[in-house]
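*Asks:* return atomic coordinates for the entry below.
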Amino acid sequence: MTQSFPSPDPTLPPSLVPGPEGSNAAEASEAAVEQSGEWVVPDLVYRGSRPPKGSSWTREDWAEQPHYPYIPVSHARFVHALLDTPEAQQAGKPFHDFLDLMGLLYHVHYYKILRELKEDYEYFSASTGEDARQGVSHEELHRRERRFLCNFLRAMVRGNFQPYREAEYQQSLRHNFLFDLPVELHWEAYDERLFDNFNASEQANREALCDELNLSGSVEEFLDMPESFRGRIWTFFRGGGREHMEGLFIPGKIDLWLTRAVSWIIWPFQWIVEKLRGDEVQHSTQTFEAIREFAFGKQDSAEEDVDEKEESRSHIFETRWVRHLNLHNQPIPLKDVLEPKVMQEPTFHRMISLYRLHPPAPTPWLERIPIVGPFLAKQQAEQQRDVDWTIYIKLFREIPMADSEMIFPARKLRMKSSDVTVLVMTGIAGLYALYRGLQQNSSFLLIAILGILGMYVVKLVLGYRRVKQRYQALVTHTLYHKNLDNDMGVLEYLVSSMEEQDLKEAALVYFVLWRAQRAMTAREIDGAVELFLQEKFDGLEVDFEIDDALLKVIERGDSSSLYYVPLVQAMQGADGQMWYQAIPLQRAIAIMDERWDNMYEVQPVQSAICEDSAPQIA
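*Replies:* From the prediction side, this is the model:
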């Protein structure tokens, strides 16, 4: 039925004025694109359509901090914010009942997912899996494995987690923050059969999962993991922030000066070493750029070729940029050795990884040990397993983007390319000195040359080992404080978080429409929700997922699912525009109360049975 609706509220911002359905919620004019941005924190955080231009940084020093759909507000604060509005206070107890009933329905809905996750993960837990798998066939384990991964993916999407994709991985490779030693990840230690079995599941089931989660493509297209990750590990993140610290950083400054001094001398040889090692980040190229900067001055980043295409946005806020600031990309002259410096790095609010590792490989030299070797090798072979069914799940908080590789297991530290180059050049110089010493026929000179070179090599290697141990201690200390939970505890967190996110989205859509007392377009609802969150939670900026939220509350004719509650009517205007209007509060409460009462069809218990089964009291 086609209806006519009044014009939108003229007090709304221009970005909320409705246009054709499906267009962006914050579509800006060319004039708005060209307007200058503003500093949120001078030289550190910027708000504008493009990164700031200046002589102290380059385009690569800035990372866009997207507006995520995740609402980082606790359930208690969220409910208090809704109840604190004049409309809710005027409604009184019925609005309290509305929120309670909606929370109960979502809690019951996600109880089933939590139960299935815990039931299936019991077979793959590091603590209980070995006993649970006794006598269970491989077919049953594969079935539970696939169901577990499906439910885990549901938790990721419904909880507003984003896949860790190639762009985030490249950011971690290009920048340093707390850890500046090269890290090599041993991907061969990961058992890719875990995800091979999932990908081999029936196509119909995977397509149904994509439809349920409103994924635009396949599961592989949604994940879009980096090539080295693909098929080995699932990594997700949610929300963003920044880690900011200020200090003297004297050891870091001294190490930086020494490394730069050496690199300025050896950079052509360092380039050859990096090519031979296959380093993904070429530090020799950075050294060459530093030499060119010293000779010709730093080029203003305003002259850089910056993509001026305005990215489409689905929110009402301006783009935010956070600066990568570390000891490597800021000027640190010798006179600043006792001057405090600022370091900053964009962070992932939460990071989750899920993976399986291959069983430990047998020790090849064990059987060569005299007498006991064959016995130990045979005992180790009996303990070897073809597959370790354990699935590991790790949850971390506030991980710096540049150091995000530290959350992955099976990592190995490597020497800096400058140190390797010095070792190679020392070896070449030693061979040449040895050759000249042999020509001199002087044993004393030969011994002196070999002793000096040997002591220098040992000093360099021991220095690297000390740095490596210090790095490992720092990683262990950092992960100890940033690790939130593991395995079964992560599942509890995920389902609770997923339940809260869906509740907030559904409640916000209904609340905005109920408070407005009129029909609104999807773009108007989207903008009104984002403005409400910004006003109530200290400038919080969220990219609200209006399409997904509407699916939770509009009438669809299917009353069997608890995932949505029909609280909003969808109507089409004369111009084809879709409009949405909240049903009255009392009717909404009645619908949810009916859902709650009819959740399980239980036959009434006969009183005679109760009397017969009642205990007799003498």
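*Asks:* for the stretch 451-600 of the chain, which segments are assigned as helices?
*Replies:* 488-516, 522-536, 546-551, 585-597 (DSSP state H, counting those that start in this stretch).
*Asks:* from the chain's centroid, how far away is the first one?
*Replies:* So that's helix 488-516. How far helix 488-516 lies from its chain's middle: 19 Å, per Cα atoms, centre = their mean, to the nearest Å.
*Asks:* quick one on the thing from earlier: just put the helices of the stretch 451-600 of the chain in CSV and tack on mean pLDDT.
*Replies:* Listed next are the helices of the stretch 451-600 of the chain as CSV, based on pLDDT from 0 to 100:
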stretch, mean pLDDT
helix 488-516, 94
helix 522-536, 96
helix 546-551, 91
helix 585-597, 91
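*Asks:* out of those, which gets nearest to H315?
*Replies:* helix 522-536 (5.9 Å; Cβ to Cβ). (Glycine included, C-beta is placed from N, CA and C.)
*Asks:* state the number of residues packed around H142.
*Replies:* 15 (other Cβ atoms under 10 Å).
*Asks:* before we move on, the earlier item: of all the helices of the stretch 451-600 of the chain, which lies closest to K118?
*Replies:* Across the helices of the stretch 451-600 of the chain, closest to K118 is helix 488-516 (Cβ to Cβ), at 6.2 Å.
*Asks:* now the helices of the stretch 451-600 of the chain in JSON lines, with distance to R466 and mean neighbour count?
*Replies:* Formatted as JSON lines, the helices of the stretch 451-600 of the chain follow (distance: least, Cβ to Cβ, whole Å; neighbours: other Cβ atoms under 10 Å):
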{"stretch": "helix 488-516", "distance to R466": "35", "mean neighbour count": "21"}
{"stretch": "helix 522-536", "distance to R466": "49", "mean neighbour count": "22"}
{"stretch": "helix 546-551", "distance to R466": "52", "mean neighbour count": "19"}
{"stretch": "helix 585-597", "distance to R466": "64", "mean neighbour count": "15"}
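*Asks:* any chance of these in a markdown table, with distance to R356 too?
*Replies:* Below are the helices of the stretch 451-600 of the chain laid out as a markdown table (distance: least, Cβ to Cβ, whole Å):
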| stretch | distance to R356 |
| --- | --- |
| helix 488-516 | 15 |
| helix 522-536 | 38 |
| helix 546-551 | 31 |
| helix 585-597 | 39 |
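*Asks:* ok, which of those comes nearest Y564?
*Replies:* helix 546-551 (6.4 Å).
*Asks:* mind giving me the packing neighbours of the closest one?
*Replies:* Other elements packing on helix 546-551 under the criterion 3 or more Cβ pairs under 8 Å, 6 or more residues apart in numbering; DSSP states H and E are helix 488-516, helix 522-536.
*Asks:* returning to what we had before: out of the helices of the stretch 451-600 of the chain, flag the one nearest E221.
*Replies:* Here helix 546-551 is closest among the helices of the stretch 451-600 of the chain (Cβ to Cβ), at 17.9 Å.
*Asks:* who touches the closest one?
*Replies:* Residues outside helix 546-551 that contact it (Cβ atoms under 8 Å, 6 or more residues apart in numbering): 25, 69, 214, 314, 505-506, 508-509, 522-523, 525-526, 529, 564, 568, 570, 580.
*Asks:* alpha carbons of that helix, in PDB - could you do that?
*Replies:* Only the C-alpha atoms of helix 546-551 are listed here, as PDB (Å, rounded to 0.1, in the frame of the first residue of the first chain):
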ATOM      1  CA  ILE A 546      21.100   0.400  10.000                       C
ATOM      2  CA  ASP A 547      20.400  -2.300   7.400                       C
ATOM      3  CA  ASP A 548      21.300  -5.100   9.800                       C
ATOM      4  CA  ALA A 549      19.600  -3.400  12.800                       C
ATOM      5  CA  LEU A 550      16.300  -3.000  10.800                       C
ATOM      6  CA  LEU A 551      16.300  -6.700  10.100                       C
END
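*Asks:* contact partners for D487?
*Replies:* Contacts of D487 (Cβ under 8 Å, 6+ apart): 121, 125-127, 392-393.
*Asks:* and the two most separated of those?
*Replies:* Top of the distance list for the contacts of D487 (Cβ to Cβ): S127 and I393, 12.4 Å.
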